[in-house]
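**Student:** Model the structure of this input:
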Amino acid sequence: MKKLKYALYTGCTAKESTPELLKSTLSIANKLGIELILLDEASCCGASHLQDFDDMLSLVLNARNICYAEKLGLTMVTICNTCQLNTSLAKDRLDNDPELKAKVNEKLKEVGLEYKGTSEVKHFLYALQDDYGYDKIASQVTKPMTNINIASFYGCHNIRPSHLQNKTNNGENPYKPVSLDNLVTALGGNAIDYESKNKCCGFHVELQNPQTANRLSGTIMTDAIDHDANMIVTPCPLCHLRMDVQQHNISKEIGREVNIPILHLPQMIGIALGINSKELGLQHNVTQTGLN
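**Tutor:** This next block holds a predicted model:
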């Protein structure tokens, strides 16, 4: 099998608020023999907020980010659901509107760039599933997640809107997603089925209405706990922040204690591959897993 090589768009969160996500992503990529080239020149995607104030600026920023992957001739992989949504949405609009693309390229010309639309934008989860293969990952597991009940939490932006995301997530059903569950199984864990796996964590309303955000997160976490989950895994750092950092406030809001470890996607894979806990940044998780 030819060595896989991608342009890694980290976004903001994986470098700042959740550095353990970037650390564990690079660690498992190295273990699996996947080459990731960091797009250090790239900037914020707008986090689903910028476009509400300046749509053109949002398009230019995301097109600029994609340009750096195009210059390398590589697929851009993301490790944040919101980055995936904003970047792929910008790409879809530009690829289907020549006039808009021309306007964006007028601005990009000022910094010596041109958006061409030649690079695919794909979340790392689906690169692992579709390009690398779960069977190959399973063959390298040295510490299977045996007897561990794991609740996969997909979040919103990786699976919706389906007409957009289905272009790069192998047609994942937004009502019954299976990619994360299949990965849990490949790692030897017990994939827990529960209704809230594809709901919203509330991150994007946290500043405006923290009570609503806590209720949304609480619904997900109590649903997973009530289905005997020992931990939750998510491919999104924003979902991770909401559910890992805010457990005290969530408990107060819903009137029930929630205490469950929240793993980043690459942390779960890294544990099963036998990678050292410090290399995976597990010490940075607020709610500890007890695994190393």
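**Student:** Flag the shaky bits of the stretch 101-250 of the chain, pLDDT-wise.
**Tutor:** Scanning the stretch 101-250 of the chain for pLDDT under 70 picks out nothing.
**Student:** my guess is Arg64 is in a helix, correct?
**Tutor:** Yes - counting by DSSP: H, G, I helix; E, B strand; the rest coil, Arg64 is part of a helix.
**Student:** where do the helices sit along this structure?
**Tutor:** In the chain, the helices defined using DSSP state H lie at 19-32, 50-53, 55-72, 81-95, 98-108, 124-126, 134-138, 162-165, 179-186, 210-226, 237-240, 247-254, 265-272.
**Student:** Can you report how many residues lie near Leu282?
**Tutor:** 24 (other CB atoms under 10 Å). Where you see a C-beta, it was placed from the backbone N, CA and C, and this is true even at glycine.
**Student:** what's the spacing between it and Tyr68?
**Tutor:** For Leu282, the distance to Tyr68 equals 31 Å [CB to CB, to the nearest Å].
**Student:** Mind pulling up the pLDDT for the nearest residue to Lys101 once chain neighbours are set aside?
**Tutor:** In space, and not counting its chain neighbours, Lys101 is closest to Leu94: 4.5 Å by CB to CB, 6 or more residues apart in numbering. The model reports Leu94 with a pLDDT of 98.
**Student:** Run through the residues that contact Leu94.
**Tutor:** Taking CB atoms under 8 Å, 6 or more residues apart in numbering, we find Leu94 in contact with Leu59, Ala63, Leu100, Lys101, Val104, Tyr115, Gly117.
**Student:** could those go into CSV alongside distance to Cys239?
**Tutor:** What follows is these, written out as CSV (distance: CB to CB, whole Å):
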residue, distance to Cys239
Leu59, 25
Ala63, 26
Leu100, 31
Lys101, 32
Val104, 30
Tyr115, 29
Gly117, 29
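**Student:** CSV for the helices of the chain, including distance to Phe153?
**Tutor:** As requested, these are arranged in CSV below (distance: least, CB to CB, whole Å):
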stretch, distance to Phe153
helix 19-32, 15
helix 50-53, 25
helix 55-72, 25
helix 81-95, 10
helix 98-108, 34
helix 124-126, 12
helix 134-138, 18
helix 162-165, 16
helix 179-186, 8
helix 210-226, 6
helix 237-240, 6
helix 247-254, 14
helix 265-272, 10
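**Student:** Kindly check the end-to-end length of stretch 271-286 for me.
**Tutor:** Stretch 271-286 has its terminal residues 17 Å apart, counting by CA to CA, to the nearest Å.
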